[in-house]
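Colleague: quick one: sequence plus predicted model below, questions after.
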Amino acid sequence: MRIPHLASTHDAALASALQAAIDNKTKPQGSLGVLEFVAHRIGLIQQSHTPRIDRAAVVVFAGDHGVVAENISAYPQSVTWQMVENFLQQGAAINVFARQNDCALHIVDAGVNHEFGEREGLVARKLGPGTRNFAQEPAMSAAQCEQALQYGMDLVEAMPVDVIGFGEMGIGNTTAAAAIMHKITGIAVAECVGAGTGLAADGILRKQQVIERAVALHAHAHADTPLEILRTFGGFEIAMIVGAMLKAGERRMVLLIDGFIVTSALLVAAKLQPAILDYCLFSHCSDEHGHRRMLQHLDARPLMQLDLRLGEGTGSALALPLLHAAVNFLAQMATFSSAQVSEKSA
Ligand SMILES: Cc1cc2ncn([C@H]3O[C@H](COP(=O)(O)O)[C@@H](O)[C@H]3O)c2cc1C
Ligand SMILES: O=C(O)c1cccnc1
């Protein structure tokens, strides 16, 4: 397996040309705020003065987690496969928001504990009937983790899009994501755990203790490398997202990042290839407790704060209109000279 090598999008000449184009639009300088940042960033990613986002997709990766045996989710594991069925029937939140925003939607079985059979609309990449319980043993073998990364890369290789959002479905995956967050950032486990699908305070404490014990159990000389962290605590869906992100960056797509779980995958991807952060836009700050700290760690500024705590890629789909607004103002607004509007006097 080859991990893609990502170069920074930095280009001083293009950066100042884009800034000049933004500043020449008929508005007080800086007045389109974060949209100006978005337009600038997409221009650098696409190496273009006239960036476009004609084709968007969200890819939802579903996988089950052995750590559910530790009673760390408010919902039973069967919800994972039942929600996959719901995605295929167009009934989930991500179906609604993707449809509303002309966004293609792909559903991937990365390792759900259920046999779906051959199903139209379901991309079968099952790596097993869920991961192992990381409270007792590593969640995946090294071979499974590599295969997951490869599947993720291959899926994105074949995808002709300008902007890609990643979604996930997997009961228990906020526990996996919190463990990854702790291992990568060093932030105390108590700051990484949250309610997930709706745990009460005693459940959150149990989740914290499960992770703390597992971190102690898996402490060894190589326990802190990004791929070892991923295989020990991650889910099949999280590992596939890491691979998909790396390939998307290599292909110079805009990566539209969703909530807590997807950002935990980005923590791993950014450890492997720090330049990937140049390709990212952060759709929102999730209500899951650790997400704000995660974003701070990445020095990331989320576009929206909607108190979402769902996942599925919903934040990415919801942020798409803002990306359209950014490239559209850059392409379509008049300049001070073309519209004969007077420039700033002092
Ligand atoms: C009906 C339902 C739909 C969902 N869609 C996403 N999630 C979200 O909740 C799960 C993570 O939370 P935890 O770690 O607490 O299990 C993931 O599947 C995530 O995508 C859902 C959860 C439920 C119950
Ligand atoms: O932020 C998220 O992605 C999230 C939060 C809670 C549950 N599922 C997903």
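Modeller: Sure, I can see it. Ligands and ions are numbered 1, 2, ... in the order given.
Colleague: can you map out the strands along the stretch 151-300 of the chain?
Modeller: Secondary structure of the stretch 151-300 of the chain by DSSP state E, counting those that start in this stretch: the strands cover 163-169, 254-257, 280-282.
Colleague: for ligand 2, find the nearest of those strands.
Modeller: strand 163-169 (7.3 Å; CB to the nearest ligand atom). For the C-beta atoms, the positions are set from N, CA and C on the backbone; glycine is no exception.
Colleague: any residue of that closest one up close to ligand 1?
Modeller: Yes. Taking CB under 6 Å from any ligand atom as the criterion, strand 163-169 and ligand 1 are in contact, through 168-169.
Colleague: so what are the sheet partners of that strand and their directions?
Modeller: When pairing is defined by DSSP bridges, strand 163-169 lines up against strand 56-63 (parallel), strand 254-257 (parallel).
Colleague: out of those, deepest packed?
Modeller: Comparing the strands paired with strand 163-169 by mean neighbour count (mean count of other CB atoms under 10 Å), strand 56-63 comes out on top with a mean of 29.
Colleague: what's the following helix or strand after that one?
Modeller: Using DSSP states H and E, the helix or strand that follows strand 56-63 in sequence is helix 78-88.
Colleague: touching ligand 2 at all, that next one?
Modeller: No. Counting by CB under 6 Å from any ligand atom, ligand 2 has no neighbours in helix 78-88; the shortest distance is 11.1 Å.
Colleague: give the buried residues for whatever helix or strand comes next after that helix.
Modeller: On the C-terminal side of helix 78-88, the closest following helix or strand by DSSP H and E is helix 93-100. Neighbour-count burial for helix 93-100, with 16 or more other CB atoms under 10 Å as criterion, is recorded at 93-95, 97-98.
Colleague: same check on stretch 219-238?
Modeller: Buried, per 16+ other CB under 10 Å, within stretch 219-238: 226-238.
Colleague: tally of neighbours for whatever residue of the chain ends up closest to ligand 2?
Modeller: Proximity of the chain to ligand 2 (CB to the nearest ligand atom) peaks at Gly259, 2.4 Å away. Neighbour count of Gly259, defined by other CB atoms under 10 Å: 30.
Colleague: cool, and the one 5 residues further on?
Modeller: Neighbour count for Ser264, taken as other CB under 10 Å: 33.
Colleague: quick one: the residue of the chain closest to ligand 2 from Arg292, how far?
Modeller: Between Gly259 and Arg292 the computed distance is 11 Å (CB to CB, to the nearest Å).
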